[in-house]
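Asker: predicted model and sequence below, questions to follow.
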2 protein chains.
Amino acid sequence: MTDTVISSATKEVVIGFDRPFVTIGERINPTGRKLLAQEMKDGDFSRVEADAIAQVAAGAQMLDVNAGIPLADEPAMLAKAIRLVQSVTDVPLSIDSSIIEALEAGIAAYEGKPLINSVTGEDENLERVLPLVAKAGAAVVAISNDETGISEDPDVRFAVAKKIVERAADHGIPASDVVVDPLVMPIGAMGTAGQQVFALVRRLRDELHVNTTCGASNVSFGLPNRHAVTGTFLSMAIGAGMTSAIMNPMHTEVKTAVMAADVLAGHDPHCAAWITEFRDPTATGAGGARRGRSGRRRGASA
Amino acid sequence: MTDTVISSATKEVVIGFDRPFVTIGERINPTGRKLLAQEMKDGDFSRVEADAIAQVAAGAQMLDVNAGIPLADEPAMLAKAIRLVQSVTDVPLSIDSSIIEALEAGIAAYEGKPLINSVTGEDENLERVLPLVAKAGAAVVAISNDETGISEDPDVRFAVAKKIVERAADHGIPASDVVVDPLVMPIGAMGTAGQQVFALVRRLRDELHVNTTCGASNVSFGLPNRHAVTGTFLSMAIGAGMTSAIMNPMHTEVKTAVMAADVLAGHDPHCAAWITEFRDPTATGAGGARRGRSGRRRGASA
């Protein structure tokens, strides 16, 4: 049992073994979103606000906030985005930047205990990010690459994760506040990408006792019907023990797969969340009879 | 590596570790299908023929054939159904009955090496079914229940499977010809049903080195949006190492989940089957740009 507690001013989310999977909304990120990037640069954060509200409405328990725009003042932008998102939603946030000054500004603007996204296994990066995390009493996403890049060897990636967890401990950060990202490569480019992640997640859980996360949509890059691949990937990752992901909760297929995986992993007692989401007391078509029993009973009291 | 080879007169299917998942079509079964039961009883097997053709067209690599109709001559019906199905399709069959005489008649009518569905861990059943399997040089589905019923304890179910594999060996049937069904209970009735199967499948593979199958749709019985649950269950089972299932290939959501799981488990080299199924060279909508690269290239040569 490892629980990673993240909080806003008023709300706590726990990423943990044997708990419902935690969906971290990925949308507030100008990378690859030209319009959003331009708007943010022009000082128009209306889309950030709308994306925050929509993702929470779609079921995201946390939101990732990134303001990485070339030639922009990223620290100021990230702080502004975080303040704005915290003013319109109450979910805890992941503060996402590869720039130390932006992380600092984001942490200063944040109310609660954030998830810092991210630290890598590179020595220089470790020595710059971990003190920030320790000082803020935050949790941190640990990305399992180092100076040599992203290894295709799962043993190397495990060793990098282990190094980060140990180095975090040196800074007083417990393993329960390190959420490891095993790095998800596109399955279309690397056929072993899925197996690597599943094997790594199992080891990270069993041997390092850490929670895990990933940028899920990367797995289906370049493939047709990609949301089905992403959703299936996440359900298999949940089967292997993954406990959270940075993903798009607006994609119904992906969200449905995650909810079903929670049911099957035993993380949705009495299928309550599933039945609430999908019951249809008016259903009369194929499957309606079987579906009807719980649907009608709950429908009657609704 | 364990390969279970099943064949028709002209076609071989291999159920095996690190191979594409084998879909065994479940539709030719009058249990719960009143119209089909009545038609078969009246000697009208047109629906059997249509179901055989449709399931193979939908991607089933094998078909299960069951003729269990109350107060009917099951051995004669099963033999007739098998001859008919083999006359209209070339896929190998699973001969499905709980009645020894029906299995005998089915085996006599069958051309090739069938999968016999099934033997249980009950001593009397073992001593009646295994000699048939050995004599026919067939493979057999081993259901992990015994005289005491279906245990909720995965260790007991594993022990029953082990007993069947050992007893089969006494009859000269190799473990590679025993395909274990860990028994899938409805998740709505037993919240641990998924975890039990995933853990059992892993042990059956790692310790007994046997292939596995299951009646997949049972897992979602009684739930709304049940095909999504069944599909997600199968993808997680594939992640745990399950190598085949008796399922409905006509349910697109279920079939898509199985295909995506094959991609992610590394059983669909270069995502070839996935891309063939889902490529859409005319796609211009959201995601079209990323999707376009492989779509267009393949589209141009199509």
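Answerer: Done, it's in.

Asker: flag every buried residue along stretch A:25-44.
Answerer: Residues of stretch A:25-44 classed as buried: A:25-30, A:33, A:36-37, A:39-41 (neighbour count, 16 or more other CB atoms under 10 Å in any protein chain shown). From N, CA and C alone the C-beta is placed, and that goes for glycine too.

Asker: for that stretch, C-alpha coordinates in PDB please.
Answerer: Output in PDB follows, covering the C-alpha atoms of stretch A:25-44 (Å, rounded to 0.1, in the frame of the first residue of the first chain):
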ATOM      1  CA  GLY A  25      -6.300  16.000 -17.300                       C
ATOM      2  CA  GLU A  26      -3.700  16.800 -20.000                       C
ATOM      3  CA  ARG A  27      -5.400  19.500 -22.000                       C
ATOM      4  CA  ILE A  28      -3.900  22.700 -20.400                       C
ATOM      5  CA  ASN A  29      -0.700  22.400 -22.400                       C
ATOM      6  CA  PRO A  30       0.200  24.700 -25.400                       C
ATOM      7  CA  THR A  31       2.600  22.100 -26.800                       C
ATOM      8  CA  GLY A  32       1.100  21.200 -30.200                       C
ATOM      9  CA  ARG A  33      -1.900  23.500 -29.700                       C
ATOM     10  CA  LYS A  34      -1.000  26.600 -31.700                       C
ATOM     11  CA  LEU A  35      -4.200  28.500 -31.000                       C
ATOM     12  CA  LEU A  36      -3.900  28.000 -27.300                       C
ATOM     13  CA  ALA A  37      -0.200  29.000 -27.400                       C
ATOM     14  CA  GLN A  38      -1.000  32.200 -29.300                       C
ATOM     15  CA  GLU A  39      -3.900  33.100 -27.000                       C
ATOM     16  CA  MET A  40      -1.800  32.600 -23.900                       C
ATOM     17  CA  LYS A  41       1.000  34.700 -25.300                       C
ATOM     18  CA  ASP A  42      -1.600  37.400 -26.000                       C
ATOM     19  CA  GLY A  43      -2.800  37.300 -22.400                       C
ATOM     20  CA  ASP A  44      -6.100  35.600 -23.300                       C
END
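
Asker: how about it and chain B, any contact?
Answerer: No. Counting by CB under 8 Å from any CB of the partner chain, chain B has no neighbours in stretch A:25-44; the shortest distance is 9.6 Å.

Asker: could you give the separation of that stretch from the chain centroid?
Answerer: Offset of stretch A:25-44 from its chain centre (CA atoms, centre = their mean, to the nearest Å): 19 Å.

Asker: same question, stretch A:137-149
Answerer: With CA atoms, centre = their mean, you get 14 Å for stretch A:137-149.

Asker: pretty sure A:Arg203 sits against A:Phe158.
Answerer: Yes. Contact status for A:Arg203 versus A:Phe158: in contact at 5.5 Å, counting by CB atoms under 8 Å.

Asker: just to revisit the earlier point, what about the buried residues of stretch A:25-44, which are in helices?
Answerer: The helices, defined by DSSP state H, take in A:36-37, A:39-41 from those.

Asker: can you report how many residues neighbour A:Val133?
Answerer: A:Val133 has 24 neighbours, counted by other CB atoms under 10 Å in any protein chain shown.

Asker: try A:Glu49
Answerer: Using other CB under 10 Å, A:Glu49 is surrounded by 16 other residues.

Asker: so which strand or helix has it?
Answerer: Using DSSP states H and E, A:Glu49 sits in helix A:46-57.

Asker: tell me what angle that helix forms with helix A:34-41.
Answerer: Inter-element angle recorded for helix A:46-57 and helix A:34-41: 120 degrees (by axes from the mean of the first three to the mean of the last three CA atoms, to 10 degrees).

Asker: give the rounded mean pLDDT of helix A:46-57.
Answerer: Averaging pLDDT along helix A:46-57 gives 98.

Asker: just the CA atoms of the very next helix or strand once past it, as CSV, please.
Answerer: Downstream of helix A:46-57, the first helix or strand assigned by DSSP H and E is strand A:62-66. The C-alpha trace of strand A:62-66 is given here as CSV (Å, rounded to 0.1, in the frame of the first residue of the first chain):
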residue,chain,number,x,y,z
MET,A,62,-6.5,16.4,-11.1
LEU,A,63,-5.3,18.7,-13.9
ASP,A,64,-1.9,19.1,-15.3
VAL,A,65,-1.0,22.7,-16.1
ASN,A,66,1.8,23.5,-18.6
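
Asker: in strand A:62-66, what's buried?
Answerer: Applying 16+ other CB under 10 Å to strand A:62-66 flags A:62-66 as buried.

Asker: now those as a markdown table including pLDDT?
Answerer: Formatted as a markdown table, the buried residues of strand A:62-66 follow (pLDDT from 0 to 100):
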| residue | pLDDT |
| --- | --- |
| A:Met62 | 98 |
| A:Leu63 | 98 |
| A:Asp64 | 98 |
| A:Val65 | 98 |
| A:Asn66 | 98 |
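
Asker: from those, which is closest to A:Pro224?
Answerer: Taking CB to CB as the measure, A:Asp64 is the one of these closest to A:Pro224, at 26.3 Å.

Asker: around A:Gly137, count how many other residues there are.
Answerer: Neighbours of A:Gly137 under the rule other CB under 10 Å: 12.

Asker: so how far is A:Lys11 from the closest residue to it other than its chain neighbours?
Answerer: The spatially closest residue to A:Gly137, leaving aside those adjacent along the chain, is A:Lys113, at 6.1 Å (CB to CB, 6 or more residues apart in numbering or on different chains). Plainly put, A:Lys113 is 11 Å away from A:Lys11 if you go by CB to CB, to the nearest Å.

Asker: how about the residues of the stretch 101-250 of chain A by chain B?
Answerer: Neighbours of chain B within the stretch 101-250 of chain A, by CB under 8 Å from any CB: A:187-188, A:191-195, A:198, A:219, A:221-226, A:228-229, A:231-233, A:235-236, A:238-240.

Asker: could I get the full set of strands for chain A?
Answerer: Using DSSP state E, the strands of chain A run over A:3-7, A:12-16, A:22-28, A:62-66, A:93-96, A:115-120, A:139-143, A:178-181, A:211-212, A:244-247.

Asker: ok, the fourth one: who's next to it in the sheet?
Answerer: According to DSSP bridges, strand A:62-66 forms sheet pairs with strand A:22-28 (parallel), strand A:93-96 (parallel).

Asker: in the stretch 151-300 of chain A, what spans have low per-residue confidence?
Answerer: Applying pLDDT under 70 to the stretch 151-300 of chain A flags the ranges A:281-300.

Asker: among the residues of the stretch 101-250 of chain A next to chain B, name the buried ones.
Answerer: A:187-188, A:191, A:193-195, A:198, A:219, A:221-226, A:228-229, A:231-233, A:235-236, A:238-240.

Asker: returning to that earlier point: so what's the residue count around the residue nearest to A:Gly137?
Answerer: If you count neighbours by other CB under 10 Å, A:Lys113 ends up with 18.

Asker: my guess is it contacts A:Ile107, does it?
Answerer: No. Checked against CB under 8 Å, the pair A:Lys113 and A:Ile107 is beyond contact range at 10.3 Å.

Asker: which neighbours do the two share?
Answerer: In terms of CB atoms under 8 Å, 6 or more residues apart in numbering or on different chains, A:Lys113 and A:Ile107 are both contacted by the residues A:136, A:138.

Asker: returning to what we had before: who's in contact with the helix holding A:Glu49?
Answerer: Helix A:46-57 is touched from outside by A:25, A:27-28, A:35-36, A:39-40, A:63, A:65, A:81, A:84-85, A:88-89, A:91, A:249-250, with contacts defined as CB under 8 Å, 6+ apart.

Asker: make it 7 Å
Answerer: Helix A:46-57 is touched from outside by A:25, A:27-28, A:36, A:39-40, A:63, A:81, A:84-85, A:88-89, A:91, A:249-250, with contacts defined as CB atoms under 7 Å, 6 or more residues apart in numbering or on different chains.
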